[in-house]
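Visitor: Predicted model, plus sequence, below.
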Amino acid sequence: MKNFLTSDRESQFNEILFENRNKSYGAYVLRNEEGLIMKKSLFIGVTFFAAIALTPLLINALVVKETVITTPPTDYTLKQIPPTTDREPEIIKPKPPVAPKVNTYDSRVATPTKNAREAKPVTQEQKQNAVPGTETSLDNPPILTPPVVETPQINAPIIPELPKKVDNTPVDRVDVEAGFNGGINSFRAQVVQNFNSEDFDDSFGLMKTTVTFIVEKDGTISNIKANGSNKDFNAEAEKSIKKIKGKWTPAKLNGAYVRSYFKFPISMQFE
């Protein structure tokens with residue numbers, strides 16, 4: 001089948017190239033149908049890109065859009081509110097005190113007249129429960145006021161506050177341990193320097209002891225006791241510690257200085 005997209009020159013070239021050969025060979029067919037294949041490829045490509053471009057338009061055409069009905073704006077009539085005036089507070093006037101009614105009797109001296117009427121005399125008892133006035137009125141009951149009884153003030157004795165007891169018991173566990181001013185190595189060197197080993201010239205072997213003492217709050221030490229198997233070695237260890245000059249920094253518990261125990265081991269090798 002002749003391809004119209006192929007020029008005559010190319011056809012002649014293909015005839016010369018495949019002369020005396022099997023023209024049913026695939027290369028001969030491909031060279032002759034090259035233009036047709038290109039045409040099909042171009043058509044397929046244009047169709048593919050056109051389908052991609054038209055897909056959003058088809059989707060928008062198929063999707064039903066919701067119509068939003070907008071309500072017309074309503075007109076509101078604004079009325080002016082009349083200004084309000086603050087009312088002045090009503091002044092409540094206090095009522096005048098009403099004097100209580102009391103019994104009275106006429107204390108005036110009667111003037112003698114021709115047609116005078118004798119007034120009923122007021123007895124002495126009635127006068128005691130009434131006050132003098134210009135007329136006699138004895139029908140009001142007397143106002144009884146209770147007597148004011150003064151309560152005697154009793155001054156309670158002032159109890160002095162007892163001073164709080166200070167616990168000076170030495171403790172074993174502290175937050176900050178006591179320390180010798182200058183370091184524990186300086187303390188150990190002074191112990192060795194003060195120790196008199198002349199009395200132990202005939203001794204052999206290793207001697208050990210543990211000296212326990214209390215570090216006071218003022219930095220001094222007390223209750224020095226050595227606990228070892230050799231009494232002489234214990235006594236000399238206590239003497240050597242008592243000779244040391246220098247103070248300690250006391251231990252602390254809950255932020256306050258306390259008395260605390262301190263243990264110091266001593267060991268010496270005699271040959």
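Guide: Done, it's in. Numbering: from 1, shown residues only.

Visitor: What ranges does this structure have for its helices?
Guide: For the chain, applying DSSP state H gives helices covering 8-17, 26-32, 34-62, 124-128, 184-194, 231-242.

Visitor: Break the chain down into its domains, please.
Guide: Domains of the chain are assigned by automatic domain parsing as 1-64, 179-270.

Visitor: how many neighbours does residue 226 have?
Guide: Residue 226: 22 surrounding residues under other Cβ atoms under 10 Å. Where you see a C-beta, it was placed from the backbone N, CA and C, and this is true even at glycine.

Visitor: and it, what is it in contact with?
Guide: By Cβ atoms under 8 Å, 6 or more residues apart in numbering, the residues touching residue 226 are 209-212, 233-235, 237-238, 266.

Visitor: got the residues you listed as a markdown table, with neighbour count, distance to residue 160 and pLDDT columns?
Guide: Formatted as a markdown table, the contacts of residue 226 follow (neighbours: other Cβ atoms under 10 Å; distance: Cβ to Cβ, whole Å; pLDDT from 0 to 100):
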| residue | neighbour count | distance to residue 160 | pLDDT |
| --- | --- | --- | --- |
| 209 | 21 | 50 | 92 |
| 210 | 15 | 47 | 94 |
| 211 | 21 | 45 | 93 |
| 212 | 13 | 40 | 94 |
| 233 | 23 | 54 | 90 |
| 234 | 19 | 49 | 91 |
| 235 | 14 | 49 | 92 |
| 237 | 28 | 49 | 91 |
| 238 | 16 | 45 | 93 |
| 266 | 21 | 51 | 90 |
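
Visitor: Residue 87: which of these is nearest?
Guide: residue 212 (91.3 Å; Cβ to Cβ).

Visitor: distance of that closest one from residue 44?
Guide: 106 Å (Cβ to Cβ, to the nearest Å).

Visitor: Check residue 137 too.
Guide: 136 Å.

Visitor: For the domains of the chain, state which one has the densest average packing.
Guide: Of the domains of the chain, the one with the most neighbours on average (mean count of other Cβ atoms under 10 Å) is domain 179-270, at a mean of 15.

Visitor: now the end-to-end length of that domain.
Guide: 30 Å (Cα to Cα, to the nearest Å).

Visitor: same check, this time on stretch 247-258
Guide: In stretch 247-258, first residue to last residue: 15 Å (Cα to Cα).

Visitor: And for stretch 227-235?
Guide: With Cα to Cα as the measure, stretch 227-235 spans 10 Å from end to end.

Visitor: Likewise for stretch 80-88?
Guide: Stretch 80-88 end-to-end distance (Cα to Cα) = 24 Å.

Visitor: average pLDDT for it?
Guide: The pLDDT scores in stretch 80-88 average 71.

Visitor: what do you get for stretch 214-227?
Guide: 92.

Visitor: okay, the helices of the chain in JSON lines with distance to residue 249 next?
Guide: Shown next, in JSON lines, are these (distance: least, Cβ to Cβ, whole Å):
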{"stretch": "helix 8-17", "distance to residue 249": "112"}
{"stretch": "helix 26-32", "distance to residue 249": "106"}
{"stretch": "helix 34-62", "distance to residue 249": "88"}
{"stretch": "helix 124-128", "distance to residue 249": "91"}
{"stretch": "helix 184-194", "distance to residue 249": "12"}
{"stretch": "helix 231-242", "distance to residue 249": "17"}
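
Visitor: between the ones you listed, which gets nearest to residue 89?
Guide: Residue 89 sits nearest to helix 124-128 of all the helices of the chain, at 50.1 Å, using Cβ to Cβ.

Visitor: Alright, calling it a day.
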